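I need the structure of the sequence given here:
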Amino acid sequence: MDKERRMRKTLLLAAKIAVGSSTAIYIAQKLGLEYAISAGTITLLTLMTTKWETVKLSVFRVVTFAVTILMAWIALGHIKSTWIGYGFFIFCVVLFSELLDWRATISVNSVIGAHLLTSHDFSMAFIKNEFHLVLIGIVIALILNLFQNNYRHKQDIISNMRYTENQLQRILCRLAEYLSYEETHVDGSVLPENISQGGRSSSGNVWDDIIKLEKELQNFIKEAYEYQDNTFHSHPVYYIDYFEMRSDQCHVLHNLHYEVKKIRYIPKQAKVISKYIRYLSDYVVERNIPSAQMEKLEGIFEEMKKEELPKSREEFENRAILYHILMDIEDFLKYKQRFVQSLDEQQKKMYWE
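The predicted structure is shown next:
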């Protein structure tokens, strides 16, 4: 995520928290609630989530409220020592929340416990006071988290998709360029520096590019999950699946690069593979179904079988490496093929038409 995008998200979140927290405190004060400032804290803690997470967290807060009051009454109302009672209360709150995987509710429940610890008031009026604080906080958070810049977020995700495709194409072309290089190499260098756009350049080497893209894809996956959680539709899972597919393909390029790195002498058959990789790079796009590419790759496998047997150990080893490269390319295509096969009709209509 670039700095501009991060700043935009941060500003939106900060604005919502500021408006929501101050509004919650204002409403709580107008209603004459004790500990009115805690309504702002509850709003803040609830707003630090996505739209869907806010809904779930709000439900959990209401459900755990009664349990929190009961545990506070047992611990703080019947244990004379203040610090021991509060420690036992926190122990029960954390244990209960962790067992139900509701860790996010601990912070607000501990705030309620602190109020009860200070007042030692377990009357119905005070319990209502605490419930109203929680209710104000979560209602304002729910309302404000309905306002998400989902259109811009979606455009950013699509931009990330195009960027990923461009980077994969670039890496494939650089690997293909090396396989078309005719001179003998004995040092195991990956891409000679004198090849245009290959090897070490101002942007680093292929290995660094693959690692960089892998890290970026992890962030893109997180962005896709966040987008999904900020909409109540199920279809955005498409973006998550897409980036996970590209991440798998990137792992394949790790293996392919490793195989290329082991070549000391470029066999003549490498030119065929190089030409195919260049051809393949043009089809590393979102809407391509790799059937034709799979078929053409199968043809190369068949042609390789018809080649005369290697005449030396070095030739045999290099030929074996080329075969492994072809297998890596096949895996690269299969990941895209599985992604396409997993799409339902609604997704195809929405994203491919």
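
switch to C-alpha atoms for all contacts and neighbour counts from now on
OK.

low-scoring pLDDT stretches of this structure, where are they?
Applying pLDDT under 70 to the chain flags residues 1-2, 49, 181-204, 232-236, 264-265, 308-315, 353.

So which residue is dead centre in it?
Centroid-nearest residue in the chain, with C-alpha atoms, centre = their mean: residue 222, separated by 2.2 Å.

check which helix or strand covers that one.
According to DSSP states H and E, residue 222 maps onto helix 206-229.

who touches residue 166 in this structure?
Contacts for residue 166 (C-alpha atoms under 8 Å, 6 or more residues apart in numbering) come out as none.

relative orientation of the one helix or strand it maps to and helix 206-229 in degrees?
Using DSSP H and E, residue 166 falls within helix 150-179. Inter-element angle recorded for helix 150-179 and helix 206-229: 160 degrees (by axes from the mean of the first three to the mean of the last three C-alpha atoms, to 10 degrees).

list the buried ones in helix 150-179?
Of all the residues in helix 150-179, those buried under the rule 16 or more other C-alpha atoms under 10 Å are 153-154, 156-157, 160-161, 164-165, 167-179.

the helices in the stretch 251-353 of the chain, which residues?
270-281, 291-306, 313-342, 345-352 (DSSP state H, counting those that start in this stretch).

Of those helices, which is nearest residue 244?
When the helices of the stretch 251-353 of the chain are compared by C-alpha to C-alpha, helix 313-342 sits nearest residue 244, at 9.4 Å.

now the angle from that closest one to helix 270-281?
20 degrees.

Does anything pack onto helix 313-342? Which helices or strands?
Other helices and strands packing on helix 313-342, by 3 or more C-alpha pairs under 8 Å, 6 or more residues apart in numbering; DSSP states H and E, are helix 237-261, helix 291-306.

Now for residue 45: which residues touch it?
Counting by C-alpha under 8 Å, 6+ apart, residue 45 touches 107-108.

tell me the phi and psi of it?
Backbone dihedrals for residue 45, given as degrees, to the nearest 10, come out at phi -60, psi -30.

about what we covered before: what's the closest of the helices of the stretch 251-353 of the chain to residue 51?
helix 345-352 (22.2 Å).

so that closest one versus helix 313-342, what angle?
Here helix 345-352 points in a direction 110 degrees away from that of helix 313-342 (the same axes, to 10 degrees).

Relative to the whole chain's centre, how far out is helix 345-352?
What separates the centre of helix 345-352 from the centre of its chain is 22 Å, taken as C-alpha atoms, centre = their mean, to the nearest Å.

try stretch 72-84
That offset, for stretch 72-84, works out to 43 Å (C-alpha atoms, centre = their mean).

Check which residues of it are buried.
72-73, 75-77.

Please convert the residues you listed to a markdown table, extending it with distance to residue 300 and secondary structure.
Shown next, in a markdown table, are the buried residues of stretch 72-84 (distance: C-alpha to C-alpha, whole Å; DSSP: H, G, I helix; E, B strand; the rest coil):
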| residue | distance to residue 300 | secondary structure |
| --- | --- | --- |
| 72 | 72 | helix |
| 73 | 75 | helix |
| 75 | 74 | helix |
| 76 | 76 | helix |
| 77 | 79 | helix |
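
out of those, which one sits closest to residue 343?
Closest to residue 343 out of the buried residues of stretch 72-84 is residue 72 (50.1 Å), distances taken as C-alpha to C-alpha.

Could you measure from the closest one over to residue 65?
Distance, residue 72 to residue 65, by C-alpha to C-alpha, to the nearest Å: 11 Å.

Between these two, which contacts overlap?
Common contact partners of residue 72 and residue 65 (C-alpha under 8 Å, 6+ apart): none.

if we can go back for a sec, which strands or helices does the helix holding residue 222 pack on?
Going by 3+ C-alpha pairs under 8 Å, 6+ apart, helix 206-229 lies up against helix 51-78, helix 150-179, helix 237-261.

how about these in TSV, adding distance to residue 23?
Shown next, in TSV, are the helices and strands packed on helix 206-229 (distance: least, C-alpha to C-alpha, whole Å):
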stretch	distance to residue 23
helix 51-78	18
helix 150-179	24
helix 237-261	34
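
Residue 217: which of the ones you listed is closest?
For residue 217, the closest of those is helix 237-261, at 6.1 Å, according to C-alpha to C-alpha.

quick one: which helix or strand includes the nearest residue to residue 40 once chain neighbours are set aside?
For residue 40, ignoring the flanking residues on the chain, the nearest one in space by C-alpha to C-alpha, 6 or more residues apart in numbering is residue 21 at 3.9 Å. Using DSSP H and E, residue 21 maps to helix 3-30.
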